Structure formats: C-alpha cells, structure tokens
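**Q** got a sequence here, can you build the structure:
(chains A and B)
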Protein chains: 2
Amino acid sequence: MSEQLEYTLFYWPEIPGRGEFVRLCFEAARVEYKEQNDVTELSKLLLNKDVAGMAAPHFAVPVLGVRHFEDAASTLKKARADTATDVKDSGKTHYISQTPAILSFLAPRLGLLGDAEKLERFERDVAVAQIQQLCATALDLNNEVHDTHHPISTSSYYEDQRTEAKARAADFRTNRLPKFLQVFEAALRDNGADPDQKQLAATRLWGSKTTVADLTAFQVVDGLLFAFPNCMQNLKQAGKFDQVFRLHDQIKDELKEYLQSERRLPYSNGVFRHYPELDDAE
Amino acid sequence: MSEQLEYTLFYWPEIPGRGEFVRLCFEAARVEYKEQNDVTELSKLLLNKDVAGMAAPHFAVPVLGVRHFEDAASTLKKARADTATDVKDSGKTHYISQTPAILSFLAPRLGLLGDAEKLERFERDVAVAQIQQLCATALDLNNEVHDTHHPISTSSYYEDQRTEAKARAADFRTNRLPKFLQVFEAALRDNGADPDQKQLAATRLWGSKTTVADLTAFQVVDGLLFAFPNCMQNLKQAGKFDQVFRLHDQIKDELKEYLQSERRLPYSNGVFRHYPELDDAE
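**A** Residues are numbered from 1 along each chain as shown, chains lettered A, B, ... in the order given. Sure, this is the predicted structure:
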C-alpha cells in the first residue's frame, strides 16, 4: 500500500490490557508507532472534547490515531521535523476505537492477513471475515477473563466482589475456558498446514503466515498463563490443547525481541490479574 | 456487486437473540435469506462436524452460510429448483460466525455502509472502521445486558444467581447503561446531518443513509425497552438521550413492515428478558 500513515496508540499507562492486541500487530509487522499514555490526553478523547477529526465518539481506549499524509514521503519527513503544534496542521488524524475495529483496519496494512490478501474479492472477504471471527472469539475470551475478577461491577474494587468472583472464576475454569480453547485447538488441528508451522488461520486457503488472529489468540493465552497458572498447567498436562500451547510457543519465539524489550509491559492490575483464590488449587 | 450469493442464517429457534442483528440487515436491505433453526443442524456446525467448507470453527451461533455461485443467474435458479441433496453440490457454502464478523461481511453487500462506499480507499476504510466501532459498542452493550441476568454462569439458571443478578443489574442501570447511551447520543448529536434524519454514522462524511450501526443500536435499544421498561422510561424522561430514542423511532418506522410480520420473533428468554426485580422500581 502506498499510503503515508503515521500511527499513534492511545492507551492507559503501565498495563498491557487491550492496548496490547494493537501493539502486537505493530511489533509483529515491525512497523513504527507512537504511544500516547498521558491520562489527560486520553480523557479528551474519551470525553470527545477538543479533538478534531473525531467522527465517531469513543467508549473506551484503545484508540488508534492514524495520521494520513496526502502526498509524498517528504511531507511525512517534514511533519516529523516540525514542532508539536505545527505537526497538528500537516496531515489529518483519524481516530478509531474498539479493538476489533482497530485490528480490522490494521491487518491488511500490516500484512497480517496471511495469504488472504492474494485471493479474489469474494474469497478474500470470506477469509478476512473468518480471521475476524477468530479474533472476536479470542477477544470474547479476554472479556470473560476480565469478568472473573469483576463479575458485578467494573467500577468497584475486586475486594468488594470477591465472593462472586470466586463463583464466576470457577465457572470460567470449568466451562468457559475449555470451550474457548477447544475452538482454537480445532482451528489449528484442521487447518491443513505444515504440522510444524501451524497458525490459527493457516488453512490451505490462507497460507501459513502469522495473522492477526494468531497474535490475538497468543496474547490471551499468554495472559491466561499469568492469571491462571495452575489451571493452565492442568490443561496443558491433560493434553487436549497441544496445538494451542504450541501456537503460544511459536508466536512467543517470533516476537522474542519485543517480548524481552522494555516496551512489553508486565501484567499487573489490568485484564489479567493473578489472584490465587481464583485459580485452581495447587 | 455482481456476485451470486445465497444466504442462510443459522440461529436458535424462537428467540431474536444475536441472530436478530443479522436478520435486521437483510430485512432493512430487503434481500432474501433463508433460516436454519433446526437444533441438530446447528449442533453440527458448533461441533464442527460433517460440514464441508468450514474453514474456521465456531464458538456459537449466529452462523451465516454464504453459498457462492461461480457463474450466471441461471445456476442459482437451477440450484433452487433442485432437491436438497443436489443443491449441496452446486455452488460452495462458506460459514462465518461471530456477529461483528458477519455484519462486516454483509454491510458492503447489502448497502449498509451509507455513503462510505463512495469514498476513496483510505477514507472508506476509516469510515468502515468507525461504523464497525459503533457496531462493536452496541454489541458490547448487548453482552452486558445478557450478564445482568447471568453474572456468574451462563450455564446455570437465572434463579440460581438472582442475588448477584440484582447487584449487577443495579450497576448496569446506574453506571454502564448511561455510559453506553452517551456514546450513541454524542454520535447522533455531532454528526452534522439533517436534524430530522439522523443516523449514527450519518456524518457529513458518510451521508445520511441507514447503516449497519444504526440497525445494531436500534436493536439493543429496542431490547432494552422490553427488558428494562421503567429504567428506560426514566432515562427518556430525563431528556439526556433524546437522539437515541429518536433513532429508535426512526428505524422502527423504517422497518415497520418487518417488525409487524411474523418473522419478527417476540422477546422472551434470550438476551433481553424482563425480570421486574432487575428493573428500576416503579
């Protein structure tokens, strides 16, 4: 694509959270992006105040800012050299929120649709929808992880809903988590790809390159390993989700440089939290 | 688009549920679609068994079946006249699940992107992402409605989580619902469209046609009016969400014929349920 775009990820400081799904796309594609973690700036976006180019209001971060330069690379270069105030006036910034919408926008631009890009229009659209389907399933799982520690109210403390959290987490570990992992396991088992190079959306149709679906599933599994270490260890030993754990290892290796860098924020108090009482007993 | 497609919506019988978001697209566009509500057939899809052309496994319904005919209208005509068995062999069926993925696939094919379709590639992709963003926000609200009556476990009865449901519903009515509606209200207020013809994604950029975002938001508001009649009445009287209620009236009028038909299933025991104890006291 010949577009001249400059990307900024608006997300809370200090936690990987939902921003990490967006970050992984840039990191996997090795495409430059900026971060804006200043809470005052984020609040402006979320209150939909004083932000030019905001066509649709935002419920939450992550928000992706996309600055579009009409013409040649020189404009981009010039803009980068300008002061912050001047930069605002060169190129137009568009804002997109909602993780699935951001991922759908970025995937074709960052080469994260595998071989779907090569297909004819209808076949391509089906493949893209199926990749989006797998991403949505991984993001649903992410939401359900969040609700294990906040089953009653997002705006109250965990400590105030601990009893309910224990009940919800038990249901999550027993019923929901295996049901979700089963989908990814099936996607990986039946994709007809080289058994040593398996990706979620790597069917015969889409080729064998890492897609946004693989990155999204990786991140959720990685977070689960932090939040529910005993439960995940038990699932691993049961041997039903070998392909899921293999995908995790594979993407972890692909992203090694990033994951070992300071840009990768540690899990702490975000979506993925480790409360031993919500995990399987040892 | 010159594609020859035949659509089948796979969804549970008797409830509108998440299938309704898909149904509304076809009904608004007046495009023919079939329904498959046979639980045995749905189970095959969900267990990923014996279904040719299933590239990515499904977590849940709705699933959209898209049969694609390579050539002319005559093939389609022929296939329709064939017996059920023969039909299977003519044309190839692809399956897409996850409501947001289905809506993204259908919107451009059913003319539900407003004037975004007319834009140049980059501007179009931004507009499409922002429409997807609004849909995702409405679908998140839909999920949170579900969790008001099932805060602990999807697989247990409401009666077994009634206490927790009351707490979650109180938080939903006080904190979450107004926060969501505020996004839609802002989208409608600031869109620069004709004040008598307002749609969610009807900014100066996208024109003033009904989009998939308007339909999705309509359905959630409509369901809320059934599930939380007192709460919604109170919000209406408070006057903070006038544009949201106006959008609801407008789409209700646009879809009048469908909404009065037998194809529109009544709310009962799905996502939208009316439990007086979860609603505002009268």
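
**Q** quick one: mean pLDDT for the host helix or strand of A:Glu123?
**A** Using DSSP states H and E, A:Glu123 maps to helix A:121-149. Computed over helix A:121-149, the mean pLDDT rounds to 95.

**Q** where along the stretch 1-150 of chain A do the strands fall?
**A** Taking DSSP state E, counting those that start in this stretch as the test, the strands found in the stretch 1-150 of chain A are A:4-10, A:34-36, A:63-69, A:92-97.

**Q** the last one and chain B, are they touching?
**A** Translated: strand A:92-97. Yes. Strand A:92-97 comes into contact with chain B (CB under 8 Å from any CB of the partner chain), by way of A:His94, A:Ile96, A:Ser97. From N, CA and C alone the C-beta is placed, and that goes for glycine too.

**Q** where in the stretch 51-200 of chain A is pLDDT low?
**A** Per-residue confidence for the stretch 51-200 of chain A (pLDDT under 70) gives these ranges: A:51-54, A:70-90, A:191-200.

**Q** what are the phi and psi values for A:Phe180?
**A** Main-chain dihedrals, A:Phe180, degrees, to the nearest 10: phi -70, psi -50.

**Q** relative to chain B, how far out is it?
**A** Going from A:Phe180 to chain B by CB to the nearest CB, to the nearest Å gives 7 Å.

**Q** what about the closest residue to that residue other than its chain neighbours, neighbour count?
**A** In space, and not counting its chain neighbours, A:Phe180 is closest to A:Leu141: 4.4 Å by CB to CB, 6 or more residues apart in numbering or on different chains. Here the number of neighbours of A:Leu141 (other CB atoms under 10 Å in any protein chain shown) works out to 24.

**Q** follow-up on the earlier one: what packs against the helix holding A:Glu123?
**A** Using 3 or more CB pairs under 8 Å, 6 or more residues apart in numbering or on different chains; DSSP states H and E, the elements in contact with helix A:121-149 are helix A:99-109, helix A:162-171, helix A:177-189, helix A:212-227, strand B:92-97, helix B:99-109.

**Q** what sits up against stretch A:242-259?
**A** By CB atoms under 8 Å, 6 or more residues apart in numbering or on different chains, the surrounding residues in contact with stretch A:242-259 are A:24, A:27-28, A:181, A:184-185, A:188-189, A:197-200, A:210, A:214-215, A:217-218, A:221-222, A:225, A:236, A:264.

**Q** any buried residues in that stretch, and which?
**A** Of all the residues in stretch A:242-259, those buried under the rule 16 or more other CB atoms under 10 Å in any protein chain shown are A:Gln243, A:Val244, A:Phe245, A:Leu247, A:His248, A:Gln250, A:Ile251, A:Glu254, A:Leu255.

**Q** include mean neighbour count when you put the strands of the stretch 1-150 of chain A into a markdown table, please.
**A** Shown next, in a markdown table, are these (neighbours: other CB atoms under 10 Å in any protein chain shown):
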| stretch | mean neighbour count |
| --- | --- |
| strand A:4-10 | 19 |
| strand A:34-36 | 14 |
| strand A:63-69 | 21 |
| strand A:92-97 | 22 |
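
**Q** what is the nearest of the residues of strand A:92-97 next to chain B to B:Tyr11?
**A** A:Ser97 (28.5 Å; CB to CB).

**Q** what's near enough to touch the closest residue to that closest one other than its chain neighbours?
**A** Once flanking residues are discounted, A:Ser97 sits nearest to A:His58: 4.0 Å by CB to CB, 6+ apart. Listed by CB under 8 Å, 6+ apart, the contact set of A:His58 reads A:Leu45, A:Leu46, A:Asn48, A:Tyr95, A:Ser97, B:Gln133, B:Val183.

**Q** for the helices and strands packed on helix A:121-149, could you give me JSON lines that also reports distance to B:Asn269?
**A** Formatted as JSON lines, the helices and strands packed on helix A:121-149 follow (distance: least, CB to CB, whole Å):
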{"stretch": "helix A:99-109", "distance to B:Asn269": "28"}
{"stretch": "helix A:162-171", "distance to B:Asn269": "20"}
{"stretch": "helix A:177-189", "distance to B:Asn269": "21"}
{"stretch": "helix A:212-227", "distance to B:Asn269": "30"}
{"stretch": "strand B:92-97", "distance to B:Asn269": "22"}
{"stretch": "helix B:99-109", "distance to B:Asn269": "19"}
